[in-house]
Each structure stands twice: as structure tokens, then as C-alpha cells.
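In: just need the structure, nothing else, for what follows:
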Amino acid sequence: MHRLALCVWLAAMTGTALAFDNGQYDSVPPDIRAWFKSVIAPNGVPCCDISDGHRTDYDVRKGAYWVPIEGQWMEVPERAIIRDRGNPVGQAVVWYVHHRGAIIISCFVPADAV
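Out: Numbers count the residues shown, from 1 in each chain. Here you go, the predicted structure:
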């Protein structure tokens, strides 16, 4: 499935508005834009795009990653952790959606991903 179509489908299925690049990312270098578009979750689903990822702080607790999302710390599920795409932004990035009143973390790249 085409990446944009998949992002639109994911947004529709989760009831979340799709984030769009309305020019606010014009100053982002092409290589960083390309990286955001290339990140794929371990299950093969694209994480979508730069406007969908959120740079974030994180913590490691008992071997698990935790990220603050909308004022609450949430554990990152193992299925969402991407360790093989590198991280050119130097800060952790998390992609998440709202689904039936819950926050679902779909992708997470730690700051030190290799």
C-alpha cells in the first residue's frame, strides 16, 4: 500500500486527524525529511512522516523505554521500538495515535539508535 494511503488509513482507523506539513517543516534538511519518511516499525508498517513524529525525552526503567506523552509517562511497547534506522536528529522520536480514548505508541526511535 502506498505510504500516504497507509497513513491516511491509519488515521481514519484510529479517529485521529492526520498531521500535515503546511510549510512548518520547510527548514528541515532533505536528508532528515527522507529519514522520517523511511522509518518503518518492526511489523512493517510505516511510521508515516515528519509531521507525525514527535521529538521527545525518554527514560529507561528496568530495561524498558518510557516517554512523556500529553503529560503522562508511558512505556514504549517492544513492538514499536526501532533500533536499525539510525537517528540523525539526535533526539528520540515517538509516533502515536489516539484510539478509543487510549494513546497507542506505534513507533519509537531512541536518541542513540544505531
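In: so where does residue 73 fall, helix or strand?
Out: Per DSSP states H and E, residue 73 falls inside strand 72-75.
In: let me redo that: residue 111
Out: Of the helices and strands defined by DSSP H and E, none includes residue 111.
In: phi, psi for it please.
Out: When read as degrees, to the nearest 10, the backbone of residue 111 gives phi -60, psi -30.
In: just to revisit the earlier point, need the contact partners of the next helix-or-strand element following the strand holding residue 73.
Out: Following strand 72-75 in sequence order, the next helix or strand is strand 92-99 (DSSP H and E). For strand 92-99, contacts defined as C-beta atoms under 8 Å, 6 or more residues apart in numbering pick out 10-11, 13-16, 36, 39, 47-48, 52-58, 67, 69, 76, 87, 103-111. Backbone N, C-alpha and C define where each C-beta goes, glycine included.
In: hang on, the earlier thing: what helices and strands are in contact with the strand holding residue 73?
Out: Here strand 72-75 touches strand 64-69, going by 3 or more C-beta pairs under 8 Å, 6 or more residues apart in numbering; DSSP states H and E.
In: please repeat the previous calculation with a cut-off of 10 Å.
Out: Contacts defined by 3 or more C-beta pairs under 10 Å, 6 or more residues apart in numbering; DSSP states H and E place strand 72-75 against strand 59-61, strand 64-69, strand 102-109.
In: so how far is residue 62 from the residue nearest in space to the middle of the chain?
Out: Nearest to the mean C-alpha position of the chain, by C-alpha atoms, centre = their mean, lies residue 95 at 2.3 Å. Residue 95 is 23 Å from residue 62, where distance means C-beta to C-beta, to the nearest Å.
In: and residue 75, by the same measure?
Out: Per C-beta to C-beta, residue 75 is found 10 Å from residue 62.
In: those two: which has the busier surroundings?
Out: Neighbour totals were compared for residue 75 and residue 62, and residue 75 leads with 13 against 6 (other C-beta atoms under 10 Å).
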